[in-house]
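Sequence and predicted structure, then a few things I'm wondering about:
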Amino acid sequence: MHENQQASFDAFPSTAPRRLVFPAIALLLAFGLAACSTIESGSEARGSEAAGEHGGAGEGSEGAEGNEGAGGGEESATQYSLTDTYWSTRAGARLVLKYDAANQRFTGTVTNVTGATLPRVRVEVHLSNGQELGPTTPIDLAPGQTVPINLPAPGEVFTTWGAHPEVGSEGASEPTATFTPGFGNWAAVNGVDLGIEHPGYQMSAWYTSQGNVLKPHLSPGPAPEYQPTGAATWTGEWAGRYGTNPAITTGAANVTVALSSGAPEAALALEGIPSLGTLEWAAMPVSGGRFAGSTTAHSQAYDATGQFGGSNQAGVVGYATGPNFQSVFYGDKK
């Protein structure tokens, strides 16, 4: 991983599984790695695009994305208030952005969450007054690389805003998500083979491909505010593949926290896995909201790692792996 990778960039309900076709995704490789300086506004294009054309929504609700833009980007159909944070992944570029009212500028970061170089990554912001900020100067991002974003907005008066990253040349198509999450405001990570994220909770689990090896990642990292303080259940879904079948299958996932001598322990169940049935992990100690453990099925070991996050530990996300099995799981607190 690149030395500028974010700290959080470390190391898914139905009784019958659903199969979704896994489309091939190819990202163009570019080997020119740009210097890790702040991405400033490039052409400073400030067009008069239609203002207020999308319905309002604040942080924690991603909404439907629409109006595909040039270079594999999309105008965000979600409108954010002046105090909200944009957090979402498009074409493998994860953008985190917020408005700094005191300095009249948008600041944040963009990270390459894929295993390949992303060419010509740039960012645009659209204000409710019809003005467009950016795009920033295009930059090639190496796998795992994070660079700062800085888009000045001097003298602009607006009430809401939208944003999106763009990747590749103008007119390039954006990768298609490999599956559709079953519920809630969770979304498939756009631009990777397998991944799940929640923009409101700012949580994600995903895989990158390095040669023939799939490597799992989990965000955020452990922190005291993510530690459960009482018994609770999170219900959701897993998504993944077993064996050589390229189809992504989904099924029910449940995480239950119980208090043992005052210390929280997590149990995980993934149901309806083809050829495996239900995998269960029990009594995994939780520290900083992070838990990990191993279980055995058909004389084979399967490992799971999960992380609680969001306000009041509202969400859980993680991955489970084993022989010929890669999956991500997610859920919301009941």
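Thanks, I have it.

what's the span of stretch 171-187, first residue to last?
24 Å (Cα to Cα, to the nearest Å).

Could you give the average pLDDT over that stretch?
Average pLDDT, stretch 171-187: 88.

Just the buried residues of it, please?
Neighbour counts over stretch 171-187 (16 or more other Cβ atoms under 10 Å) mark Ala172, Glu174, Pro175, Ala177, Thr178, Phe179, Pro181, Gly182, Gly184, Asn185, Trp186, Ala187 as buried. All C-beta spots, glycine's among them, are computed from the backbone N, C-alpha and C.

With secondary structure and distance to Gly322 as extra columns, can I get these in TSV?
TSV is the format used below for the buried residues of stretch 171-187 (DSSP: H, G, I helix; E, B strand; the rest coil; distance: Cβ to Cβ, whole Å):
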residue	secondary structure	distance to Gly322
Ala172	coil	36
Glu174	coil	32
Pro175	coil	27
Ala177	coil	24
Thr178	coil	20
Phe179	coil	20
Pro181	coil	22
Gly182	coil	22
Gly184	coil	26
Asn185	coil	29
Trp186	coil	23
Ala187	strand	25
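
For the top strand by length along the chain, name the packing helices and strands.
Ordering each strand of the chain by length in residues (DSSP state E) puts strand 248-260 first. On a contact count with 3 or more Cβ pairs under 8 Å, 6 or more residues apart in numbering; DSSP states H and E, strand 248-260 meets strand 18-20, strand 232-242, strand 263-273, strand 325-333.

What residues sit buried inside it?
So, applying 16+ other Cβ under 10 Å, buried residues of strand 248-260: Ile248, Thr249, Thr250, Gly251, Ala252, Ala253, Asn254, Val255, Thr256, Val257, Ala258.

Export the residues you listed as a markdown table, with columns for distance to Val286 and pLDDT.
A markdown table is the format used below for the buried residues of strand 248-260 (distance: Cβ to Cβ, whole Å; pLDDT from 0 to 100):
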| residue | distance to Val286 | pLDDT |
| --- | --- | --- |
| Ile248 | 28 | 95 |
| Thr249 | 28 | 96 |
| Thr250 | 25 | 97 |
| Gly251 | 24 | 97 |
| Ala252 | 21 | 98 |
| Ala253 | 17 | 98 |
| Asn254 | 15 | 98 |
| Val255 | 10 | 98 |
| Thr256 | 11 | 98 |
| Val257 | 7 | 98 |
| Ala258 | 10 | 97 |
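
Nearest to Tyr99 among these?
Set against Tyr99, the nearest of these by Cβ to Cβ is Val255 (34.5 Å).

so where's the protein uncertain?
1-77 (pLDDT under 70).

For the residue nearest the centre of it, pull up the helix or strand it's in.
For the chain, Glu197 is the residue whose C-alpha lies nearest the centre (Cα atoms, centre = their mean; 3.6 Å). Following DSSP states H and E, one finds Glu197 within strand 195-198.

following that strand, which helix or strand shows up next?
strand 203-210.

strands paired with that next one, and their directions?
Taking DSSP bridges as the criterion, strand 203-210 forms sheet pairs with strand 195-198 (antiparallel), strand 213-219 (antiparallel).

buried residues in that strand?
Buried-residue list, strand 203-210, by 16+ other Cβ under 10 Å: Met203, Ser204, Ala205, Trp206, Tyr207, Thr208, Ser209.

Comparing the strands paired with strand 203-210, which comes out most buried?
Burial of the strands paired with strand 203-210 is given as mean neighbour count (mean count of other Cβ atoms under 10 Å); strand 195-198 ranks first at a mean of 27.

Output it as CSV, restricted to C-alpha atoms.
The C-alpha coordinates for strand 195-198 follow below in CSV (Å, rounded to 0.1, in the frame of the first residue of the first chain):
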residue,chain,number,x,y,z
GLY,A,195,-17.5,-4.4,-1.1
ILE,A,196,-20.2,-2.7,1.0
GLU,A,197,-20.3,0.8,2.5
HIS,A,198,-22.7,3.1,4.4
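
What number of residues are in the vicinity of Asn129?
Neighbour count of Asn129, defined by other Cβ atoms under 10 Å: 14.

Quick check: it vs Thr136, distance?
Taking Cβ to Cβ, to the nearest Å as the criterion, Asn129 is separated from Thr136 by 20 Å.

Would you list the strands that the helix or strand harbouring Val96 pairs with, along with their directions?
For Val96, the host element (DSSP H and E) is strand 93-100. Paired strands of strand 93-100, with direction, are strand 85-90 (antiparallel), strand 105-112 (antiparallel) (DSSP bridges).

So for Ala263, which of those sits nearest?
Comparing these by Cβ to Cβ, strand 85-90 comes nearest, at 31.0 Å.

Show me what the strand holding Val96 is in contact with.
Applying Cβ atoms under 8 Å, 6 or more residues apart in numbering, the set of residues contacting strand 93-100 from outside is 82-89, 105-113, 118, 121, 123, 125, 141, 149, 153, 161, 163-165, 167, 191, 202, 204.
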